[in-house]
Structure formats: structure tokens, C-alpha cells
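# For reference, the sequence and a predicted model appear below.
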Amino acid sequence: MSIILCEDRSPEPEDKFHGSLYGYSGKGCRCAECREAARLYAQKYRRSDKGSKAARKSASRNNFIRQEALAWVRQNHPEVIIELEGRWNKKLDNSTVGQ
Ligand SMILES: [Zn+2]
């Protein structure tokens, strides 16, 4: 897919796709108007029944993969887990996670 680079300017008559999802997805335009249209579309989708269900399914799948990967590393490279746990504990001590 080729990406059309638009400058921030008022759309010309032949550039009627600007500010539409078609401009962003169909034309691959990344001007401010097309990005805003895509952002609003994505926001509306995530708030819909279908979108929120898809987000939960995706989060659940990602969590499963994360746990499986971690279990595999723990099994095959326990030294990596020890290193990572040290890093995680440091980060968690310095953040507000869990407060
Ligand atoms: Zn555009």
C-alpha cells in the first residue's frame, strides 16, 4: 500500500476523501483530517457491543499467550526469569502500580 503524504492544508476539490475513514483506510492518507476520522471511527467501534466484545476477546487471547510464553521461558531458561523478576521488582518498587 502506498501512503499519500498530505500537507496540512484545506482540502482541494479533487481531494474529497480527506476527513473520511476512506481517506485513511482506502487511500492510506495520514493527514490530520483523515487521522481524526479514523480515530473517531475506532473510538465508536470500541464503545460498541461488537467492539468491546472483540477487545475483551483480544485481551484474553493476549493474556493467554503472555502466560504461555512466560511458562515456556520459566521451564527452558529459568535464569532469564530470575533476571526479569529483578527488573520487574525494581520497576514495581519505583511505580505506583498496586496503590
Ligand atoms: Zn487526508
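Cool, the structure landed. Only a predicted model underlies this, so the values are computations on that prediction, with no experimental measurement involved.

# which strands and helices sit next to the worst-scoring helix or strand of the chain on mean pLDDT?
Least confident helix or strand of the chain, by mean pLDDT, DSSP states H and E, is helix 78-94 with a mean of 93. Applying 3 or more C-beta pairs under 8 Å, 6 or more residues apart in numbering; DSSP states H and E, we find helix 78-94 packed against helix 49-76. Backbone N, C-alpha and C define where each C-beta goes, glycine included.

# Mind giving me the packing neighbours of the helix it packs on?
helix 32-47, helix 78-94.

# The last one to helix 49-76, inter-axis angle?
What it means is helix 78-94. On the basis of axes from the mean of the first three to the mean of the last three C-alpha atoms, to 10 degrees, helix 78-94 is oriented at 130 degrees to helix 49-76.

# Let me have helix 78-94 in CSV, keeping just the CA atoms, if that works.
Presented in CSV, the C-alpha positions along helix 78-94 are these (Å, rounded to 0.1, in the frame of the first residue of the first chain):
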residue,chain,number,x,y,z
PRO,A,78,14.9,-20.1,34.4
GLU,A,79,18.0,-17.8,34.5
VAL,A,80,16.1,-15.3,32.3
ILE,A,81,13.1,-15.3,34.7
ILE,A,82,15.4,-14.5,37.6
GLU,A,83,16.8,-11.6,35.7
LEU,A,84,13.4,-10.4,34.6
GLU,A,85,11.9,-10.7,38.1
GLY,A,86,14.7,-8.5,39.4
ARG,A,87,13.9,-5.9,36.7
TRP,A,88,10.2,-6.1,37.3
ASN,A,89,10.5,-5.7,41.1
LYS,A,90,12.7,-2.7,40.6
LYS,A,91,10.1,-1.1,38.3
LEU,A,92,7.2,-2.0,40.5
ASP,A,93,9.0,-0.5,43.6
ASN,A,94,9.5,2.7,41.7
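
# And the helices and strands packed on helix 49-76: which comes nearest the ion?
helix 32-47 (3.5 Å; C-beta to the ion).

# residues of the closest one that come out buried?
Within helix 32-47, the residues scored as buried using 16 or more other C-beta atoms under 10 Å are 33-34, 37-38.

# so does it get close to the ion?
Yes - applying C-beta under 5 Å from the ion, one finds helix 32-47 in contact with the ion at residue 34.
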